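> this one's sequence-less:
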């Protein structure tokens, strides 16, 4: 068997996070949830991704996988799963990008709710159950329920990174400031909401501006609908080697186009919020450049972030540690490049004995609470000191 509680493969780190398996809930009266999975050359992780979906405690699901022109064994692996579970549907298309693949999956799905997951990420068992429970008890103007995501490495182990927020209700301004949803594997979206706002923006790829498709869709949802949150880590967001090293000009362009759309359509949002937002974005790009071994680019991004919003960026302990590490690395970058490959350096940093390890989701939750003020406390105080923001029409 490829999956099942009797014969299941999960990486050792993920087995620790799963704990004991809860009984699956197969109540046919519950609404159908459509799981959409875009996949491109995903043979390495697609099996574990699908297992995590099939092990959800909420079982009234369909799983639509769109193979976006893969050149590896992605389709063959998905077919093996589909042979054993009729809820899995495989669609193949020529390579058109992640937005087009997700839209294709949505078009061929039938659920009342849509839940995307990328082909290298994982869900912890209660993810869909807890999100559905929240949205079923919410008003019809609630369009999206998100949760927290824990960053995991190639082996599925926690890295200590995370995406977390507690924003609920009308969240457009907060979401402009910071993409607290964080990645495409987090939201549960009401289908009628997608019918109104449209799907993922395929034009970003056509304009050489990939990277912010998830944030862009979430912003369009936030323009019209309310958000809810499950304040638990229910998603494992994979940070494999090279997954962030390609960030740069294309993502900057993606960010700029997305921010420009909101700025044009919502003059009630104070302009300074966009300045804070750009600082957060550059800080994020700096971490990606560091992961890819591009120290000069990391230095440029982290300094841009500090210049744009010193009141927030300079108060983070990690800012000074990161800046010092970058400065110390630059003189040796040429020498190191001739001796070690970027992947070797990435693996070496993961094994750093001085780095404090986060070993459980409970410990990561405590870390979130201790760092909360750095992310949201200052922002809330500054926002409250600005002129009142007009309520967005609902």
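That came in fine, so what should we check first? Bear in mind the structure is a predicted one, so any value in this text is a computation, not a measurement.
> how about the longest strand anywhere in the chain: buried residues?
Secondary structure of the chain per DSSP state E: the longest strand is strand 226-238. For strand 226-238, burial by neighbour count (16 or more other C-beta atoms under 10 Å) applies to 226, 227, 228, 229, 230, 233, 234, 235, 236, 237, 238. Where you see a C-beta, it was placed from the backbone N, CA and C, and this is true even at glycine.
> Could you tell me how far the helix or strand harbouring residue 256 lies from the centre of the chain?
According to DSSP states H and E, residue 256 maps onto helix 249-265. For helix 249-265, the separation from the chain centroid amounts to 18 Å (computed by C-alpha atoms, centre = their mean, to the nearest Å).
> Contacts for that helix next, please.
The contact list for helix 249-265 (C-beta atoms under 8 Å, 6 or more residues apart in numbering) reads 172, 176, 204, 207-213, 215-216, 219, 223, 269, 271, 274, 277-278, 281, 285.
> try 6 Å
When contacts are defined by C-beta atoms under 6 Å, 6 or more residues apart in numbering, helix 249-265 is touched by residues 176, 204, 208, 209, 210, 211, 212, 216, 219, 274, 281.
> And the furthest pair within these?
176 and 208 (23.0 Å; C-beta to C-beta).
> quick one: which of these two has more around it?
residue 176 (22 against 10; other C-beta atoms under 10 Å).
> Helices of the stretch 251-394 of the chain, residue ranges please.
Listed in chain order, the helices of the stretch 251-394 of the chain (DSSP state H, counting those that start in this stretch) span 271-291, 295-308, 310-313, 317-329, 333-339, 342-350, 361-372, 378-385.
> mean pLDDT for the ones you listed: which is lowest?
Set side by side, these give their lowest mean pLDDT on helix 342-350, at a mean of 55.
> for the stretch 1-150 of the chain, which spans come out with low pLDDT?
Low-confidence segments of the stretch 1-150 of the chain (pLDDT under 70): 1-28.
> now the helices: where do they sit in it?
Going by DSSP H, counting those that start in this stretch, the stretch 1-150 of the chain shows helices at 12-18, 46-54, 74-84, 98-107, 127-136.
> Nearest to residue 194, out of the ones you listed?
Nearest of those (C-beta to C-beta): helix 98-107, 6.5 Å.
> just to revisit the earlier point, using JSON lines, lay out the helices of the stretch 251-394 of the chain together with mean neighbour count and distance to residue 64.
Output for the helices of the stretch 251-394 of the chain, formatted as JSON lines (neighbours: other C-beta atoms under 10 Å; distance: least, C-beta to C-beta, whole Å):
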{"stretch": "helix 271-291", "mean neighbour count": "20", "distance to residue 64": "29"}
{"stretch": "helix 295-308", "mean neighbour count": "19", "distance to residue 64": "36"}
{"stretch": "helix 310-313", "mean neighbour count": "17", "distance to residue 64": "40"}
{"stretch": "helix 317-329", "mean neighbour count": "14", "distance to residue 64": "38"}
{"stretch": "helix 333-339", "mean neighbour count": "11", "distance to residue 64": "42"}
{"stretch": "helix 342-350", "mean neighbour count": "15", "distance to residue 64": "33"}
{"stretch": "helix 361-372", "mean neighbour count": "14", "distance to residue 64": "28"}
{"stretch": "helix 378-385", "mean neighbour count": "13", "distance to residue 64": "37"}
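> In CSV, list these along with distance to residue 37.
Below are the helices of the stretch 251-394 of the chain laid out as CSV (distance: least, C-beta to C-beta, whole Å):
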stretch, distance to residue 37
helix 271-291, 24
helix 295-308, 31
helix 310-313, 35
helix 317-329, 33
helix 333-339, 36
helix 342-350, 26
helix 361-372, 23
helix 378-385, 34
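> Any idea which of those helices gets closest to residue 30?
helix 361-372 (25.6 Å).
> and that closest one with helix 317-329, angle?
In terms of direction (axes from the mean of the first three to the mean of the last three C-alpha atoms, to 10 degrees), helix 361-372 departs from helix 317-329 by 90 degrees.
> picking up where we left off before, of the helices of the stretch 251-394 of the chain, which is nearest residue 59?
Comparing the helices of the stretch 251-394 of the chain by C-beta to C-beta, helix 361-372 comes nearest, at 22.5 Å.
> And stretch 194-204, what's buried?
Quick answer for stretch 194-204 (16+ other C-beta under 10 Å): 194, 197, 199, 200, 201, 202, 204.
> Now do the same contact list for the fourth one.
Contact criterion C-beta under 6 Å, 6+ apart gives 99, 102, 103, 213, 217 as the residues in contact with residue 200.
> same check, this time on the third one
Residue 199 makes contact with 103, 106 under the criterion C-beta under 6 Å, 6+ apart.
> Look at it and tell me its secondary structure.
coil (DSSP: H, G, I helix; E, B strand; the rest coil).
> Quick check, pLDDT for it.
Model confidence at residue 199 (pLDDT) stands at 96.
> distance of it from residue 305?
According to C-beta to C-beta, to the nearest Å, residue 199 and residue 305 sit 31 Å apart.
> Report the contact partners of residue 234.
124, 127, 147.
> ok, so of those, who is nearest residue 55?
residue 124 (9.1 Å).
> how many neighbours does residue 166 have?
Taking other C-beta under 10 Å as the criterion, the count of residues near residue 166 is 12.
> Tell me the pLDDT of residue 157.
For residue 157, pLDDT reads 90.
> thinking again about what came up before, out of the helices of the stretch 1-150 of the chain, the one nearest residue 315 is which?
helix 12-18 (30.8 Å).
> got CSV for the helices of the stretch 1-150 of the chain, with mean neighbour count and distance to residue 299 too?
Output for these, formatted as CSV (neighbours: other C-beta under 10 Å; distance: least, C-beta to C-beta, whole Å):
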stretch, mean neighbour count, distance to residue 299
helix 12-18, 16, 32
helix 46-54, 23, 35
helix 74-84, 18, 37
helix 98-107, 22, 29
helix 127-136, 20, 37
